[in-house]
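Asks: below: sequence and its predicted model.
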Amino acid sequence: MSLRFFDPLDYCDGDVCVAPIAFRVTARRTEAIARRDAAIKRGTDIVLATAALTVLAPPMLLAAAVIRLTSRGPAVFSQERIGLDGRPFRMLKFRTMRQQADAEPCRQATRHDPRVTWFGALLRRSSFDEVPQFFNVLAGTMSVVGPRPHAPGTCVADRPFETITSRYAARHSVKPGMTGLAQVRGWRGETDTEDKLMRRLESDLEYIATWSPGRDFLIIGRTIVEVLRMRNAY
């Protein structure tokens, strides 16, 4: 006895084709699972962001005051980044530089960057400059865990990221995150070579393909360890 797989084309009448019941049920179940996963991830984001902002409110206010007292300009600034489905959004950060090079989208922060203030360097080393992004998480433009968002036009050797590989756009199929699989694997800091970009992209795509709530919590735990070690943060 031979087994025969259902083919939707077996159920065509002229120009009208009807998929088999098994095919339609599987598709609906997959869609329902995807909706459930999105709801779980969103609910987790809201709980974590609310808890973090509640606990970190006093040090955030202190950091904002020191920034204003030690350099000219606002304590928090927003920068355009690429988000879900390639849509731009404004990502929040504590200001760590004397001036923001918004007109130079290809220029990334480098080790010992002269634009960084002394207090800004401390914020970067501790990753505390990223804390305002919990407001992005509450607003729904970011997730706690996901691929890190890049600024439009960010380059490697004068080549925009999106021109280096056709797979790059796939990282925008989920919300960008405050931390991600690439970051806990050590791929953070300046992306100054195509190899570094590809290593980060591989981790981003792996995260998207293997997402689970448990893995998110593992990444968060490893992020805390990496922050305490203060490696590759500048």
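Replies: Looks like it arrived, so ask away.

Asks: count of residues packed around the residue lying closest to Phe77 once chain neighbours are set aside?
Replies: Excluding its sequence neighbours, the residue lying closest to Phe77 (C-beta to C-beta, 6 or more residues apart in numbering) is Arg95, at 4.9 Å. Where C-beta positions appear, they are placed from N, C-alpha and C, glycine not excepted. The number of residues packed around Arg95, counting by other C-beta atoms under 10 Å, is 22.

Asks: can you pull the pLDDT of Arg95?
Replies: pLDDT recorded at Arg95 is 93.

Asks: for this protein, which segments count as helices?
Replies: 21-70, 118-126, 133-139, 181-184, 194-209, 213-229 (DSSP state H).

Asks: the second one - contacts with which helices or strands?
Replies: Under the contact criterion of 3 or more C-beta pairs under 8 Å, 6 or more residues apart in numbering; DSSP states H and E, the helices and strands touching helix 118-126 comprise helix 21-70.

Asks: and what of the shortest one?
Replies: In terms of contacts (3+ C-beta pairs under 8 Å, 6+ apart), helix 181-184 is packed against helix 194-209, helix 213-229.

Asks: kindly report the same for the third one.
Replies: Packing contacts for helix 133-139, counted by 3+ C-beta pairs under 8 Å, 6+ apart, involve helix 21-70, strand 88-94, strand 177-179.

Asks: which residue, other than its chain neighbours, is closest to Gly120?
Replies: Nearest residue to Gly120, sequence neighbours excluded (C-beta to C-beta, 6+ apart): Thr96, at 2.9 Å.

Asks: what's the one you found in contact with, if anything?
Replies: Thr96 sits next to 116-117, 119-121, 123-124, 129 when contact means C-beta atoms under 8 Å, 6 or more residues apart in numbering.

Asks: thinking again about what came up before, of all the helices and strands packed on helix 181-184, which lies closest to Ile46?
Replies: Closest approach to Ile46 among the helices and strands packed on helix 181-184 (C-beta to C-beta): helix 213-229, 13.6 Å.

Asks: okay, now Ala139: neighbour count?
Replies: Look at Ala139: counted by other C-beta under 10 Å, it has 13 neighbours.

Asks: so it versus Ile208, what's the distance?
Replies: 22 Å (C-beta to C-beta, to the nearest Å).

Asks: and what of His172?
Replies: The gap separating His172 from Ile208 is 10 Å, by C-beta to C-beta.

Asks: quick check on the residue nearest to Gly120: phi, psi?
Replies: Note on Thr96: its backbone torsions stand at phi -120, psi -10 [degrees, to the nearest 10].

Asks: what ranges of this protein fall below the confidence cut-off?
Replies: By pLDDT under 70, the weakly predicted segments of the chain are 1-33, 99-112, 189, 230-234.

Asks: try it again with 90
Replies: Scanning the chain for pLDDT under 90 picks out 1-38, 71-72, 97-117, 125, 153-163, 165-166, 186-196, 226-234.

Asks: what residues are up against the closest residue to Ala182 other than its chain neighbours?
Replies: Leaving aside its sequence neighbours, Ala182 sits nearest to Ser203 (C-beta to C-beta, 6+ apart; 3.7 Å). Shown in contact with Ser203 (C-beta under 8 Å, 6+ apart): 180-182, 185, 187.

Asks: take these and write them to TSV, including neighbour count.
Replies: Below are these laid out as TSV (neighbours: other C-beta atoms under 10 Å):
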residue	neighbour count
Gly180	27
Leu181	26
Ala182	25
Arg185	16
Trp187	21
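
Asks: so how far is Pro152 from Val131?
Replies: Taken as C-beta to C-beta, the span from Val131 to Pro152 is 24 Å.

Asks: perfect, I'm done here.
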